[in-house]
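1. Quick one, structure for this:
(one chain, ligands or ions: 2)
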Amino acid sequence: MNIQIINKSNNSLPAYETAHAAGMDLKASLEEAVVLKPMQRQLIPTGIFIELPVGFEAQIRPRSGLAFKHGIGIVNSPGTVDADYRGEIKVLLINFSDVDFAINNGDRIAQIVIAKHEKIDWNEVEILSETLRGAGGYGHTGVQ
Ligand SMILES: O=c1ccn([C@H]2C[C@H](O)[C@@H](COP(=O)(O)OP(=O)(O)OP(=O)(O)O)O2)c(=O)[nH]1
Ligand SMILES: [Mg+2]
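-> Ligands and ions are numbered 1, 2, ... in the order given. The predicted structure is shown next:
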């Protein structure tokens, strides 16, 4: 499928890095480098604007390499881009490490996954159907 996109950055469009990747890496669109101090968070612009078809969302997810090697995460992970959003896609990065982390224009800071979602209507009732699990959760089957 095709999705309309505006690119106001001077970076190339997000692209799949391998043949069957789910996500495309998003690049930082910055005039000057940003330095995140330990536990500091900042909205990082990407310079891209998209027009999702109704029934689709875009998820903004962390990159595992940045997380593993540098402790970089996304505060609202996974971020949700709604089909009716027309603003710039931004990434709310946080530095979970104990050293400064620099972000430069063009750095691949996150990945975007386009996904279908359902739109539902609630059917409000008094009782839900019985199951073996019932209300058990939060490790009630054991943790390991
Ligand atoms: O990582 C993100 C998350 C959201 N957005 C944009 C697209 C999304 O459609 C909009 C609103 O996001 P969300 O619904 O998560 O935030 P909210 O706090 O509920 O704001 P709003 O009241 O505007 O919906 O912000 C991003 O660019 N990046
Ligand atoms: Mg919202």
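2. Helices along this protein, start to end?
-> Secondary structure of the chain, counting by DSSP state H: helices at 64-70.
3. Might you enumerate the residues of it proximal to ligand 1?
-> 60, 76, 79-82, 85, 89-92 (C-beta under 6 Å from any ligand atom). The C-beta positions use only the backbone N, C-alpha and C, and glycine is treated the same way.
4. Which one (most neighbours) among the residues you listed?
-> residue 91 (25 neighbours; other C-beta atoms under 10 Å).
5. pLDDT score for that one?
-> pLDDT recorded at residue 91 is 98.
6. likewise the one 4 residues further on?
-> Here, the pLDDT recorded for residue 95 equals 98.
7. Quick check: it vs residue 126, distance?
-> The span separating residue 95 from residue 126 equals 48 Å under the rule C-beta to C-beta, to the nearest Å.
8. With neighbour numbers in mind, choose between these two.
-> Taking other C-beta under 10 Å, residue 95 and residue 126 do not tie; residue 95 has more neighbours (21 against 4).
9. Now for residue 14, how many residues are close by?
-> So residue 14, with other C-beta under 10 Å, has 21 neighbours.
10. Next: the one 3 residues further on.
-> A count of neighbours around residue 17, defined by other C-beta under 10 Å, yields 11.
11. can you pull the contacts of it?
-> 24-25 (C-beta atoms under 8 Å, 6 or more residues apart in numbering).
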